[in-house]
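Asker: pasting a predicted model and its sequence here:
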Amino acid sequence: MDVMPLLLLVAGSAAIAAAGRRVPVPAPLLLVAVGLAVSYVPGVPDYTLDPHIVLPLLLPPLLHTAATDSSYLDLRAQLRPVALLSVGYVLFATFVVGCAAYLIVPGLPLTAALVLGAVVAPPDAVAATAVARRVGLPSRITTILQGESLVNDATAITAFRVALAAAVGEGATWAGGITEFLIAAIGGVGVGLVLMVPLQWLRTRLREALLQNTLSLLIPFVAYAVAEQVHASGVLAVVVVALCLGHRAWQVDFATRLQEDAVWKMVAFVLESAVFALIGLQLPVVLKGLGGYEGAEVAWYAVAVFLVVAVARFVWVYPATFLPRLSARVRAREGDLSWRGPFVIGWAGMRGVVSLAIAFSIPLTMHDGEPFPERDLILFLTFTTVIGTLVVQGVTLPPLIRLLKFPAHDVQAETLAEANAQAQASRAAEQRLDELLADERNALPAPLADRLRTVLERRRNAVWERLGQANPVTGETVDDTYRRLSREMIGAEREVFVRLRDGRYIDDEMLRTLLRRLDLEEAAAYRETA
């Protein structure tokens, strides 16, 4: 097995993604563009998306990272819009795009057109999360988009299976399709809830962070595989497990959380970079089977399908947003709602690697041995729709959001809320410390007891200091200055330790112990407060 193409893909996509952080173009779009350009460079190997690899091996960790970055409570608060988009819109888009493709492409059977509709129906979790992080959408819109993209793959995969069964001659019916969807949905949620119990038990019993992180890396694959084994939705199982475990992440120890956060950020960075690069690299593959079509003909089909996909989303989003508000109870709960939020949700329907992976899983032949009708064209139209939504909508979304002038985050109010929360926690910690020190079994020398109180006071005051005035000379807050000086002191200690190692006064093992202690001190001084 030649691993060089895989290494080149990972290394190249990571380098491009890193470069994308230094330019105004979002990294996902840069990766797709470079992938398109590199796909025809002589010597570059063919990278064909294998659905047997993408769906069980790439999709679970990507869904897991997106779900753990989401909020269970926020998603529950936005359950109605999320459900209308992740289920209702996907089925609506499948039908509308399928019927439009049937009318636009001569000779394309309706069943095959509905297969295309199901393939391009779901906006992608990776694309939605990547763009939402970059453009700083309002929290409610971000929650809706993330929630939709977490669940809609399950709807689309089920719709695809039903449409494919009808296309290849398995005699699928609407009743059978609804039954299959319900079994997949209920089964996926059930598997996720069942697995969550022993997994959470293990997470709270394992004491080594290394073992905890090994388990964490296995969880999405186990959830997906178990659910698929019982013919339930692996997508929903992964999402349910990740949301539940993320909601209870506070129950594991701090070392596990620190390592887990770093590990999953690295995994997400590598996989997201590789996935977007893979999208661009599919161009030669999807063009191979289009020899029987005129260039202008397939270009028209591609533009038409892209426009139908884009317009259909608005046709669904606005009624789904405003019709429920005919209820006074809904209006009272959600308050005033302008047209700007639904417009951004309508425009933020980027498609991604899941659509391409599903398209590549279309069989070459039907049950009667005949070739699957227009399979190569369906692959091409899927590819152009994915590229079109990523480029057109992805490029225009940031300026669109700036143009619509959404209310900015109230940083002052957020900091005040954080400071109040920290003050309440500090009072509880101080009370607990007094109780412990009153017991003679916990007797401490006065300097050490004072140090505990000083650290607690430092945590309490740090947030309030961000509300104060900045240093007139440096522009730093008191908290920033404290961190900078702390880092300088730690840096001086680190240099001495290295010099002592180089002089053979201490060995490397002792150096690693001392450096780790300094690293923990530096992490404490530079803990994330944003």
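Answerer: Everything's here; your move.

Asker: helix/strand/coil for the residue nearest to the spatial centre of the chain?
Answerer: Centroid-nearest residue in the chain, with Cα atoms, centre = their mean: Ala66, separated by 2.9 Å. With DSSP: H, G, I helix; E, B strand; the rest coil as the basis, Ala66 sits in helix.

Asker: skipping adjacent residues, who's closest to Ala167 in space?
Answerer: Thr111 (3.9 Å; Cβ to Cβ, 6 or more residues apart in numbering). Placement of C-beta: from N, CA and C, glycine included.

Asker: follow-up on the earlier one: wouldn't the residue nearest to the centre of the chain be in contact with Gly147 here?
Answerer: No: if you go by Cβ atoms under 8 Å, Ala66 and Gly147 don't touch, sitting 9.9 Å apart.

Asker: how close does Val120 sit to Leu85?
Answerer: Using Cβ to Cβ, to the nearest Å, one gets 15 Å for the distance from Val120 to Leu85.

Asker: what sits against the residue nearest to Ala167?
Answerer: By Cβ atoms under 8 Å, 6 or more residues apart in numbering, Thr111 lies in contact with 163, 166-167.

Asker: looks to me like it is in a strand.
Answerer: No: under three-state DSSP, Thr111 sits outside any strand and is assigned helix.

Asker: looking at this structure, which helix or strand is least sure?
Answerer: helix 125-135 (a mean of 62; mean pLDDT, DSSP states H and E).

Asker: name the residues contacting each of Ala66 and Gly147.
Answerer: By Cβ under 8 Å, 6+ apart, no residue touches both Ala66 and Gly147.

Asker: pLDDT (mean, whole number) over the longest helix seen in the chain?
Answerer: Longest helix of the chain, by residue count under DSSP state H: helix 174-205. What helix 174-205 shows for mean pLDDT is 88.

Asker: just checking, what packs against it?
Answerer: With contacts taken as 3 or more Cβ pairs under 8 Å, 6 or more residues apart in numbering; DSSP states H and E, helix 174-205 sits against helix 139-167, helix 209-229, helix 234-247.

Asker: okay, strands next: where are they in the protein?
Answerer: With DSSP state E applied, the chain shows no strands anywhere along its length.

Asker: residue with max distance from the center of it?
Answerer: Glu440 (50.4 Å).

Asker: any idea how far Ala449 is from it?
Answerer: In terms of Cβ to Cβ, Glu440 sits 13 Å off from Ala449.

Asker: can you report how many residues lie near Gly491?
Answerer: By the criterion of other Cβ atoms under 10 Å, Gly491 has 11 neighbours.

Asker: confidence score at it?
Answerer: pLDDT, Gly491: 85.

Asker: do Thr474 as well
Answerer: Looking at Thr474, the pLDDT reads 70.

Asker: contacts only, for it.
Answerer: Contacts of Thr474 (Cβ under 8 Å, 6+ apart): Thr481.

Asker: kindly report the same for Ala17.
Answerer: Ala17 sits in contact with 27, 30-31, 269, 272-273, 276, where contact means Cβ under 8 Å, 6+ apart.
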